[in-house]
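> below are the sequence and a predicted model; questions follow.
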Number of protein chains: 2
Amino acid sequence: MTRLFNDPATFTEDMLEGFLDANSRYVVGVPGGVVRAVSTPEGKATVVVGGGSGHYPAFCGVVGRGFADGAVVGNIFTSPSADDAASVARAVDNGGGVLLTTGNYAGDVMNFGLAVQKLRSEGIDARYLAVTDDIASAPLDQIEKRRGIAGDFTVFRCASAAADSGYSMDDVERIGTAANDATRTLGVAFDGCTMPGAGEPLFSVEKGTMGLGLGIHGEPGVSSHEMPSAAELADLLVDGVLVEKPAGSSDRIAVILNGLGRTKYEELFVVWQTVARRLREAGYTVVDPEVGELVTSLDMAGCSLTIMWLDDELERFWTAPADTPAYRKGAVAANAGERRSASAAVAAGADTLPESDEASRECARFVLKSIDALAERMVSAEDELGRIDAVAGDGDHGRGMVKGTAAARSAARDAADRQGGTGSVLAAAGSAWAAKAGGTSGVLWGAALTAIGNRLGNNGTPGDTDVAEALRAGYTALTSLGGASLGDKTMLDALDPFVGAVERSVAAGDGWRSAWSDAVAVAQKAAVGTADLRPKVGRARPLAERSVGTPDAGAVSMAMSVAAVAELFTNQGISS
Amino acid sequence: MTRLFNDPATFTEDMLEGFLDANSRYVVGVPGGVVRAVSTPEGKATVVVGGGSGHYPAFCGVVGRGFADGAVVGNIFTSPSADDAASVARAVDNGGGVLLTTGNYAGDVMNFGLAVQKLRSEGIDARYLAVTDDIASAPLDQIEKRRGIAGDFTVFRCASAAADSGYSMDDVERIGTAANDATRTLGVAFDGCTMPGAGEPLFSVEKGTMGLGLGIHGEPGVSSHEMPSAAELADLLVDGVLVEKPAGSSDRIAVILNGLGRTKYEELFVVWQTVARRLREAGYTVVDPEVGELVTSLDMAGCSLTIMWLDDELERFWTAPADTPAYRKGAVAANAGERRSASAAVAAGADTLPESDEASRECARFVLKSIDALAERMVSAEDELGRIDAVAGDGDHGRGMVKGTAAARSAARDAADRQGGTGSVLAAAGSAWAAKAGGTSGVLWGAALTAIGNRLGNNGTPGDTDVAEALRAGYTALTSLGGASLGDKTMLDALDPFVGAVERSVAAGDGWRSAWSDAVAVAQKAAVGTADLRPKVGRARPLAERSVGTPDAGAVSMAMSVAAVAELFTNQGISS
């Protein structure tokens, strides 16, 4: 919803004042809208775009070199008046004429149409063009009834760039018409937007569904669908637009995947992955695609796919330089330099492992089994860890542990196959864990395993003291890297009592394996006990009340890991 | 919420693949992230930025000329691994060294710190810088504990532009450090974002409140506040940031008003209106402000204000050209041309009114009273009309009628003062109504009043037939412009039976005033009766079920207007 405003009645005026201030290097205000900060060269054909506001960057955001000469700015979702349109047109005209262009909406058609009459009566060569790209709003044989949505962008852009290239008014109008004839858009909506000061959204979409062709102001669409996956949505949009390929058009296309405001860049890129593949498979070459927010509707949730089939002229204007508040292209010097291939990555050299003896390799095989057990435990615990983590963190701990242990298992197996000793297998596991898991816990686990491996080395069977000291080395590596203290609600809260318990048992003369098994309960108790410790500091923890009494996911997974290895001892009948 | 994904577990990989495809003219992928599509010139210092994803355009969106050489891309809100960071750094280094820089988060500090160690051990001159701009995350005397938020943008930008300008690694590090020392950010959050596939937001903010300093992943903030107005928010942010002005800094500042994802451009511009004024009043010169989405958190609602106090070097790099997927600057040729003043608008010439006689001027005074009555009725009816319109439209009809009638009243009074006759006063009212109301109804009312005025002229007292014919002329102007048919649920549904009723009464020999009063009931009945007419076409009407049985706001206001004038007759004792 729209949350920030002063007086809803002056929202547009306030918005415009802020916009003009922030972009004074590009634009100045005139009655009815905005125009470029620099004067129109004498005799240049000009383009004035417009419509209601609420669609930023459309329309005032694209006033500048290579794009519009001016924009008429109406109230939110409301056509500006004929006087407004005429005023902006007069401000940009310098004898070369002006093309006024908007999406095809009743209010805009009327007001801009009247403005054109008025301007022509004053001797200004004014023309009007309504964009009709929205496939869903009328059948193809009534294309003149279709609305203008994100296709406004391709049409405004080509007509404007043509005007800036020195084209005459007739040719600017011809290019605008050609761009409109070649442009098709299909959109979907997931939720409506809220007007400034309104208590309820302008319209809504039933939860879990999607409106196909639903207009950007809530105009009726074609059909309602269950919410699809990103790939399914891409298929739906690509199929829907490609079926309208204009006769005789080329296989070079400009494409916009447009977000309406609340559907964000990351989601659009996921959809684009499939859109791009589908278009390639259909034999198309995509020229300078745009994936982002170009024609929005406040914070409406949804997106649309626009294709403009290119000819040589349209491609020239689509790719021309532009310099406006919200759309810039062809910046700096030409993008010169040696283009690198995607395979330019520097691979880490395949390293050779240190020598090892058979005793250490046998122990390494047991380490490998332990890591196997740990990886399997994490797969079954993924959801539970996610739930625990979601209370105080971002809910990805289960996923991170699965990724980390899977990578560790694979790397450990590879090191064991290459005759690595205990130290090499642990170091390989640690390195892979840190590399693949990402996040904080991955790098800490990685550091701990690597330190343990370094202490155990690659020769001989580790004795009780070796194991205790190795665990302590791992503990030290983890704490010096992580900087957390006991009681900060981290994995340390489970690791610390565990390592202490093993050290005490070993000092008392018990074998390391039984000491380990005995220490499991200590770690488990401590993990649950993080609930009673003071709040964890320095990590994402939204609201104080949410973390009180909550065990830390990292402590829980640490205790689980220790337990998984201890179970392995029991299952294998190893007790000392 | 994040709605579009395939498998939540591969969201980042899918996003990255789509991003790379859409921006292949700028970037290529390498293990761990993305790098510029062109190779690093030999010996150039480089900058690699990074952190978890979910913050687009940060961080992969700013890889390119004038900005980063590479970006390490972690999972959503999760630090990438040390191997990822080292891999991207190796891919960009060409002997000049590499500055790795992230926001100051535990995972990033650890992973990038390890990467730097690794790179240095390989002979690469690697450095690390953590951005600490977030005022709310720790007191000033513990600035090293502060998080990095939107200030990442100014710091990454200046360090990167310095590297591109030919600065050595030492100087790039110096510039990055200086930029960080000079940058402060204060942010607010209104609502949390939802991770791909998650059923609940990562965190939430109580409705009607705002979290001051709430971190972009939900980290605890400073305090909770009632939702302020845009101006109050601007004051809070400006005061909060300015109080931290670094000692000895200049009065030239770079400023970012950053939207987190769901707080849209229009709202940000409204806030900027006050921010800009406050900064000017405090004696600052704002250099190339950015108002928009630069560092987001999926679709989180909120915004932040960042100020970087400039010295000559920082200003040079802040304003340097850039060409990246999501941030471009200094496009095309220099913005040459004659700069126009804000007063460049072309004013319509003050026209002289046609001659009128006293009879017509007397009638004009009555017209003026009628328009007065109409304007007052609309003020009292604004809310009701808004409510009716919100059911099937965008809820602004009441506002539009108030604006339109107020403008009509003022223009009519002016024309009457200037001795205008009936025709001039009506034409002035119509023209002003169309100009100020905007939207569809404004231009239609304007056309109708103008046509009525033209028919009545400026001489003599209009007779019964004149009035009936004038109303029909207004009707014709309205229908020919609007294109609606009876039953389309527009103002026509009330106007048509009214005009017909007046015509019939006049034909039957009744005076036009009494005919008018009698016709009011017909119009009112018809307005309510729009409920039973078939759905209106070609206008915003979200969901079929919402408009069934709903009167049209335009028809209701038309009936109200007719009634307001009829009441005037009664009040003045005029009945024939």
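Arrived safely.

> what residues does the stretch 51-200 of chain A put near chain B?
Residues of the stretch 51-200 of chain A lying close to chain B by Cβ under 8 Å from any Cβ of the partner chain are A:52-54, A:56-57, A:61, A:65-66, A:74-84, A:87, A:90-91, A:106-107, A:110-111, A:114, A:145, A:190, A:192, A:195-196, A:198, A:200. Any C-beta I mention is one placed from the backbone N, CA and C, and that applies to glycine too.

> any idea which element the residue positioned nearest the centre of chain A lies in?
Geometric centre of chain A, nearest residue: A:Glu266, 1.5 Å, by Cα atoms, centre = their mean. Using DSSP states H and E, A:Glu266 falls within helix A:265-281.

> quick one: furthest residue from the center of chain A?
Centroid-distance maximum for chain A: A:Gly509 at 56.0 Å, with Cα atoms, centre = their mean.

> and the residue nearest to the centre of chain A, how far is that from B:Pro31?
A:Glu266 is 20 Å from B:Pro31, where distance means Cβ to Cβ, to the nearest Å.

> then A:Leu114?
Distance, A:Leu114 to B:Pro31, by Cβ to Cβ: 60 Å.

> ok, those two, which is more surrounded?
A:Leu114 (21 against 16; other Cβ atoms under 10 Å in any protein chain shown).

> please flag which of the residues of the stretch 51-200 of chain A next to chain B sit within helices.
A:Ala82, A:Asp83, A:Asp84, A:Ser87, A:Arg90, A:Ala91, A:Ala106, A:Gly107, A:Met110, A:Asn111, A:Leu114 (DSSP state H).

> most neighbours among those residues, please name it.
Of those, with other Cβ under 10 Å as the count, A:Asn111 tops at 34 neighbours.

> surely it and A:Thr78 touch.
No: under the criterion of Cβ atoms under 8 Å, A:Asn111 is not in contact with A:Thr78, lying 10.1 Å apart.

> pull up the overlap in contacts between these two.
B:Gly438 (Cβ atoms under 8 Å, 6 or more residues apart in numbering or on different chains).

> so where's the stretch 351-500 of chain A uncertain?
Applying pLDDT under 70 to the stretch 351-500 of chain A flags the ranges A:351, A:392-394.

> can you check chain A too?
Residues of chain A that meet the cut-off, pLDDT under 70, sit at A:331-351, A:392-394, A:529-550, A:573-576.

> which residues in it form strands?
Assigned by DSSP state E, chain A shows strands spanning A:27-30, A:33-36, A:46-53, A:70-76, A:98-103, A:126-131, A:183-191, A:209-212, A:223-226, A:252-259, A:285-292, A:301-309, A:322-323, A:328-329.

> same list (the ones you listed) but as CSV, adding mean neighbour count.
Output for the strands of chain A, formatted as CSV (neighbours: other Cβ atoms under 10 Å in any protein chain shown):
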stretch, mean neighbour count
strand A:27-30, 23
strand A:33-36, 28
strand A:46-53, 31
strand A:70-76, 27
strand A:98-103, 30
strand A:126-131, 24
strand A:183-191, 27
strand A:209-212, 21
strand A:223-226, 12
strand A:252-259, 24
strand A:285-292, 18
strand A:301-309, 27
strand A:322-323, 24
strand A:328-329, 22
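
> can you redo those as JSON lines with distance to B:Thr476?
As requested, those are exported to JSON lines (distance: least, Cβ to Cβ, whole Å):
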{"stretch": "strand A:27-30", "distance to B:Thr476": "34"}
{"stretch": "strand A:33-36", "distance to B:Thr476": "31"}
{"stretch": "strand A:46-53", "distance to B:Thr476": "27"}
{"stretch": "strand A:70-76", "distance to B:Thr476": "26"}
{"stretch": "strand A:98-103", "distance to B:Thr476": "25"}
{"stretch": "strand A:126-131", "distance to B:Thr476": "22"}
{"stretch": "strand A:183-191", "distance to B:Thr476": "36"}
{"stretch": "strand A:209-212", "distance to B:Thr476": "38"}
{"stretch": "strand A:223-226", "distance to B:Thr476": "39"}
{"stretch": "strand A:252-259", "distance to B:Thr476": "41"}
{"stretch": "strand A:285-292", "distance to B:Thr476": "45"}
{"stretch": "strand A:301-309", "distance to B:Thr476": "39"}
{"stretch": "strand A:322-323", "distance to B:Thr476": "45"}
{"stretch": "strand A:328-329", "distance to B:Thr476": "48"}
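
> go through those and name the closest to A:Leu426.
Using Cβ to Cβ as the measure, strand A:285-292 is the one of the strands of chain A that comes nearest A:Leu426, at 43.6 Å.
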